[in-house]
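Take this sequence and fold it.
(2 chains)
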Amino acid sequence: MDKNITIIHPRPSSIVASLYTLRDLNVDVAVLHGPPGCSFKHARLLEEDGIHVVTTALDETGFVFGGHDALVNVLHKVNEMFKPKLIGVVGTCASMIIGEEMHEPVMEADLDVPVIEVEVHAGYRNNTKGVIIALESALDVGVIDKTEFERQRALLEEATNVELRHGAASREYLAPSRGDVKYKVAQRIIELLKEGKRGLVIMNAKKETGYMFADITVAINEVAEQLGKADNIVNMANIDEKLGLPRVRHHAECIANDLKEKGVIIHENIGGLDEYPIAGNTVDQLIKDKYSNFDFAVISGIPHAIPMDHISNMELISVTNGPRQVLPLKEMGHEHVIVEIDLHPKTLGVNHIVESEFGATLREVAKESL
Amino acid sequence: MSVQKRIAIYGKGGIGKSSTASNVAAACADEGYTVMIIGCDPKSDSSITLLGGKRIPTILDLLREEKDVKEEDVVFTGYNGVKCVEVGGPEPGIGCAGRGIIVAIQTLKKISKTLNEMDLIIYDVPGDIVCGGFVAPIRKGLVKEAYVLTSGEYMPLYAANNICRGLAKINTPLSGIICNSRSVSREKEIVTKFASGIHTKGTDRAGLREGRFLGHGKSTRLQHCTSLS
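Coordinates of the predicted model:
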C-alpha cells in the first residue's frame, strides 16, 4: 500500500465531507462561500435531506476584490428567510486561495445564531480532513463536546486507513463496475439456504446508507423464514442508538425500530452507524469466538472494513454502493460482489428502511423457487 | 508600421519601475513612436506622472461596477500622446490582485483597438512574481520580452534573481537588467556581475539616457527603442 499515490479517479471532496458533517450536526443552513455551482450535486442532495444549502455565488469580481460583503449579505438573508437555529459556513477552493477570512464577516453579520465556520477547500489528499475541520469548528462554538470530538477524530483516522487499505484510495485508478448480476447472486443465496448452510448477515453501514442496506438483512431473513431456515441465520448490524452525532443516532433508532417491526432480530449489535471503520474488528472477534464454523456471509455497507482473518473460509457475498469497490473486494476474496447503484440519493430525507434492488431481486427469485 | 515591441518591466516593489517605465514611454514618444503604458499595480499609479498627477478610472473598477467597459473609458492620453491604462485591483490583503491582472488584461485585449496600433507597449508589473497572475501579460502572449529593475542592494537583487528564475521557467526572453542607482558602493560592478551571471546585459538609468549598456558600451539609446526602427 503506497500512501503517496496520486489518485486520479473522481472522489468526493473535503468540501462535500464538511457539508455532510454539518448536516449530521443538524445545521439548518449551510452557506457555501465561493463560486455558484461548487459542490452542486451534493448540495442538491442535502436539500433533500432537509437542510438549506446556499452559495455566496462569487464571480470574477468576487475573486479579485474578495467576498466579505457577499458573505455578510447572504448570512443576513438566510437568517431572515429560514429562521435557522444553527448555521454552517463552508469554504471553497476559490475563496480559500484568495485568502478569504470567514470569522470577520460572521462577526459583522452579528446574528443571534451560532455559526460553524469551516475554512476548507478540496485540495486535501483525504476528504475526511473536511469532516475534521468542521468538527473542530463545531467544538469551538460548543455544538459538540471534547469527548465526542476525540471519538469522531479517531473514527475518521480509521476510516481513512480502511480506504487506503482496501477502498477507493487504495490505488491510483479504479474503474467503476456494476459488480455481479443480482439475479444470480440471489439464486446462490437461496441455494445455500436450501442446502441448510448457516449464514451470517452483517450490515456494516455508513450512517444514512443503513436505510437501504438494512433492507438486504430484512430480505434474507424473510426468505430464510419462508424456507424454514430462519435459525440458520445470525444477524449483525451497527445500529447502536446511543452513539454518534445527533442525526446519526436518530437514523440508528429509526432503522432499529423498522427491523423490530419486521420481526428481524439483530443478534449482535456491532456499534454505532458512524463506527463502520472499527466495527469490523468487533465482527472479527465475534466470528472468532462464536461463528467461525458458519458457511457463508452476506456483508453489506462497507464490507472492506471487515478483516478477512476469520471469514476467509466462508463463501462471501458483499453488497456495496461504491462502483469502485468491486475490484478491491474481489481481490480480498469476496466471491460475489454486487453494487446498489444510486443508493445514497434514495437514503436522504427518509426515516424508514428503503427497498434495495438486491432485496427486491431476492424476494422475487425466492417466489419462483418456493 | 514597424513590428510592435511589447515589453514588461519587473522588479522589487519601490525600486522605481513606474518612473522608469514612464520615462521610457515619454522618451520614446519624444522620438515619434506611438506608446502605451499599462500599469498592472493595484495602486494604479504607474502612469500618474504622464497624466500630470491625475488618476484615471481603472479597468477593474469599472468591471466591479458591472459596467460595459469601452476603450474610451479606460485608455487615456498623457504626455506627448502616450496612451495610459491602469488595471487597478483590490485593497492590500483582500481578494486576488493576480487574478485581477488576468481579468483586466483579457478585457483590454477584447476592447482595445489602440493596443494593436502602438509601436511600443510597456507593462509595468508590480513587485515580485508571487503568483500566476503577475505573469499573465506574458502567458497570455501579450509580452514578448522582459526587463528587470534592481539596485545594487541585497534585497532588490534577491527579488530580481527570483523574477529571472520565474521568467526562465516560462521561457520568457530576458532583455536586460536595469540598475536604478541607490548610490551603493561598487553598485555598477555588482549589478554588472549579476547581469553577466545570469547571461544578460545591464544598464543603469543614466545609461538609459546616455544610451549605453553596462559593460558592453553599446551606443544604443535603449535596446528596445533601437530595435523599433
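
Return the residues in contact with the residue of the stretch 201-350 of chain A found nearest chain B.
Of all residues in the stretch 201-350 of chain A, A:R324 sits closest to chain B, at 32.9 Å by C-beta to the nearest C-beta. Quick note: C-beta positions are derived from backbone N, CA and C, even for glycine. For A:R324, the contacting residues are A:H9, A:A168, A:L174, A:A175, A:P176, A:S177, by C-beta atoms under 8 Å, 6 or more residues apart in numbering or on different chains.

Quick one, grab the pLDDT at it.
According to the prediction, A:R324 has pLDDT 96.

which non-adjacent residue is nearest it?
A:L174 (4.1 Å; C-beta to C-beta, 6 or more residues apart in numbering or on different chains).

what does chain B have sitting close to chain A?
Within chain B, the positions near chain A by C-beta under 8 Å from any C-beta of the partner chain are B:60, B:63-64, B:66, B:89-90, B:93-97, B:99-100, B:103.

Of the residues you listed, just the buried ones, PyMOL syntax please.
Only the buried entries of the residues of chain B next to chain A go into this PyMOL selection, using 16 or more other C-beta atoms under 10 Å in any protein chain shown:
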select buried, chain B and resi 60+63+64+89+90+94+95+96+97+99+100+103
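
Could you export the residues of chain B next to chain A as JSON lines, including pLDDT and secondary structure?
Shown next, in JSON lines, are those (pLDDT from 0 to 100; DSSP: H, G, I helix; E, B strand; the rest coil):
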{"residue": "B:L60", "pLDDT": "95", "secondary structure": "helix"}
{"residue": "B:L63", "pLDDT": "93", "secondary structure": "helix"}
{"residue": "B:R64", "pLDDT": "91", "secondary structure": "helix"}
{"residue": "B:E66", "pLDDT": "85", "secondary structure": "coil"}
{"residue": "B:G89", "pLDDT": "93", "secondary structure": "coil"}
{"residue": "B:P90", "pLDDT": "92", "secondary structure": "coil"}
{"residue": "B:G93", "pLDDT": "88", "secondary structure": "coil"}
{"residue": "B:I94", "pLDDT": "91", "secondary structure": "coil"}
{"residue": "B:G95", "pLDDT": "92", "secondary structure": "coil"}
{"residue": "B:C96", "pLDDT": "92", "secondary structure": "coil"}
{"residue": "B:A97", "pLDDT": "90", "secondary structure": "helix"}
{"residue": "B:R99", "pLDDT": "92", "secondary structure": "helix"}
{"residue": "B:G100", "pLDDT": "92", "secondary structure": "helix"}
{"residue": "B:V103", "pLDDT": "92", "secondary structure": "helix"}
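
Check the residues of chain B next to chain A and tell me the two furthest apart.
In the residues of chain B next to chain A, two members sit farther apart than any others by C-beta to C-beta. They are B:E66 and B:G93, at 23.9 Å.

Just say helix, strand or coil for A:I202.
Three-state assignment for A:I202 (DSSP: H, G, I helix; E, B strand; the rest coil): strand.

my guess is A:K85 meets A:L111, correct?
No - in this structure A:K85 lies outside contact range of A:L111 using C-beta atoms under 8 Å: 10.9 Å.

who's more crowded, these two?
A:L111 (15 against 11; other C-beta atoms under 10 Å in any protein chain shown).

Contact partners for the residue lying closest to the more buried one once chain neighbours are set aside?
Distances taken as C-beta to C-beta, 6+ apart place A:N79 nearest to A:L111, at 5.1 Å, with adjacent residues excluded. Neighbour list for A:N79: A:I87, A:A109, A:L111, A:V113 [criterion: C-beta under 8 Å, 6+ apart].

Could you report the pLDDT at A:N79?
For A:N79, pLDDT reads 98.

What are the buried residues along the host helix or strand of it?
Under the criterion of DSSP states H and E, A:N79 resides in helix A:68-82. Residues of helix A:68-82 classed as buried by neighbour count (16+ other C-beta under 10 Å): A:H68, A:A70, A:L71, A:V72, A:V74, A:L75, A:V78, A:N79.

How many residues are close by the nearest residue to the fifth one once chain neighbours are set aside?
The reference is to A:V74. Excluding its sequence neighbours, the residue lying closest to A:V74 (C-beta to C-beta, 6+ apart) is A:T56, at 5.0 Å. A:T56: 26 surrounding residues under other C-beta under 10 Å.

tell me the contacts of A:T56?
Contacts of A:T56 by C-beta under 8 Å, 6+ apart are A:V31, A:L32, A:H33, A:G34, A:G62, A:G67, A:A70, A:L71, A:V74, A:S95.

Mind picking the two most distant members of those?
Farthest pair in the contacts of A:T56, by C-beta to C-beta: A:V31 and A:G62, 13.9 Å.

I'd assumed A:S95 was in a strand, is it?
No - counting by three-state DSSP, A:S95 falls outside a strand, being helix.

for stretch A:102-112, the distance to its chain's centre please.
Taking C-alpha atoms, centre = their mean, to the nearest Å, one finds the center of stretch A:102-112 at 32 Å from the center of the full chain.

Which element, helix or strand, includes A:L329?
A:L329 belongs to helix A:326-332, assigned by DSSP H and E.

Any idea which residue of the stretch 101-250 of chain A lies closest to chain B?
A:E101 (9.3 Å).

Need the three-state assignment for that residue.
Going by three-state DSSP: A:E101 is coil.

Pull up the gap between the residue of the stretch 201-350 of chain A closest to chain B and A:A175, please.
Separation of A:R324 from A:A175 (C-beta to C-beta, to the nearest Å) stands at 7 Å.

what touches both of those two?
Shared contacts of A:R324 and A:A175, counting by C-beta under 8 Å, 6+ apart, come down to A:H9.

quick one on the thing from earlier: ok, the residue nearest to A:R324 to A:G322 distance?
9 Å.

Name the residues contacting each of these two.
What both A:L174 and A:G322 touch, as defined by C-beta under 8 Å, 6+ apart, is the set A:A168.

Around A:S14, how many other residues sit close by?
Other residues close to A:S14 by other C-beta under 10 Å number 26.

Chain neighbours aside, what residue packs nearest to it?
Nearest residue to A:S14, sequence neighbours excluded (C-beta to C-beta, 6+ apart): A:G130, at 3.2 Å.

Which pLDDT does the model give the nearest residue to B:K67 once chain neighbours are set aside?
The shortest distance from B:K67 to any non-neighbouring residue, by C-beta to C-beta, 6+ apart, is to B:D73 (7.3 Å). We have a pLDDT of 97 for B:D73.

Give me the neighbour count for B:D73.
15.

Can you tell me the SS state at it?
Applying three-state DSSP: B:D73 is helix.

same question, A:L58
coil.

where's it relative to A:H76, distance?
For A:L58, the distance to A:H76 - C-beta to C-beta - is 17 Å.

One more: B:A29?
B:A29 is 52 Å from A:H76, by C-beta to C-beta.

Repeat that for A:A175.
Counting by C-beta to C-beta, the gap from A:A175 to A:H76 is 47 Å.
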